[in-house]
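J.: Turn this into a structure:
(one chain, ligands or ions: 1)
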Amino acid sequence: MTPDPFELLAQWLPANDAPERPLMTLATVSADGWPNARTVLLSEWSAEGFAFHTDARSRKIAEVDATGRAALMIPLFSEEASRQLVVQGTVEAVEPEEEATVFAARPAYLQTLAWLNTPEFAALPDAERVERWASFQRENPAPAPPQTWTGRRVRPQRLLFWTGTPDTASRRVSYTRSGTGWTVEILAG
Ligand SMILES: Cc1cc2nc3c(=O)[nH]c(=O)nc-3n(C[C@H](O)[C@H](O)[C@H](O)COP(=O)(O)O)c2cc1C
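T.: Model (predicted):
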């Protein structure tokens, strides 16, 4: 059992430059206590935490900025094992240079989405949504990030590594921050 959860993360998660980004459920709580969850891409991870990128006007940003907290769940299924990583952490802004680098690495579809994903655009008739989408892409082959593009990093306070295999009971390894290190516990699945 490694005392350092980041060693385990390096085995579980694809490299940050792998084009296929893992999906994660980002869970937040509203000011009046309602839990909320949605799927986002894991943009990149490091010992500092797990970054996602989104629209600054979104509900998720209002909620993480108000509470400073979030949880993530990343499912990772392979032929040899099913895995689930659950993270609880505090939330901080990512650096503007990192926001620009992540935007540049996003496929054209997601870059266009970052520009056009507004309530006004969503309300347009389908034919107009298709026509405006195509003309944006024609006129902006390499768009810069819009002002609304933003990133946040979830700095883990607790990580739970769940593993299930068909030949024995699933179990979890829990890492909780304690001082400069981590308290490690084995838990039932
Ligand atoms: C597969 C998938 C990936 C997604 N990735 C992102 C993402 O990386 N960033 C993002 O802002 N929204 C992403 N979304 C959309 C969000 O799930 C969500 O609908 C949107 O961001 C609005 O969330 P909010 O109103 O809770 O802030 C993704 C949705 C799906 C289904």
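J.: For the rest of this, base every contact and every neighbour count on C-alpha atoms.
T.: OK.
J.: And the pLDDT for residue 188?
T.: Taken from the predicted model, the pLDDT recorded for residue 188 is 98.
J.: Scan the chain for its longest strand.
T.: Taking DSSP state E as the criterion, the chain has its longest strand at strand 149-165.
J.: Helices of the chain, residue ranges please.
T.: 5-12, 59-67, 96-105, 108-116, 119-122, 126-139 (DSSP state H).
J.: the inter-axis angle of the last one versus helix 108-116?
T.: Direction vectors for helix 126-139 and helix 108-116, defined by axes from the mean of the first three to the mean of the last three CA atoms, to 10 degrees, enclose an angle of 110 degrees.
J.: what's next to helix 126-139, contact-wise?
T.: Applying CA atoms under 8 Å, 6 or more residues apart in numbering, the contact partners of helix 126-139 are 108, 112, 116, 121, 122.
J.: out of the residues you listed, who has the most neighbours?
T.: In terms of neighbours by other CA atoms under 10 Å, the contacts of helix 126-139 top out with residue 112 at 21 neighbours.
J.: what residues does this protein put near the ligand?
T.: Within the chain, the positions near the ligand by CA under 6 Å from any ligand atom are 38, 39, 40, 41, 53, 54, 55, 58, 59, 60.
J.: Would you mind listing the two of the residues you listed that lie farthest apart?
T.: 41 and 59 (16.2 Å; CA to CA).
J.: ok, those two, which is more surrounded?
T.: residue 41 (17 against 13).
J.: coming back round to it: would you reformat the contacts of helix 126-139 as TSV and include distance to residue 134 and pLDDT?
T.: Converted to TSV, the contacts of helix 126-139 look like this (distance: CA to CA, whole Å; pLDDT from 0 to 100):
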residue	distance to residue 134	pLDDT
108	11	96
112	10	98
116	11	98
121	13	98
122	15	97
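J.: List the buried residues of the longest strand of the chain.
T.: For strand 149-165, a neighbour-count test (16 or more other CA atoms under 10 Å) marks 149-164 as buried.
J.: what residues are up against residue 29?
T.: Residues near residue 29 by CA under 8 Å, 6+ apart: 35, 36, 63, 64, 67, 70.
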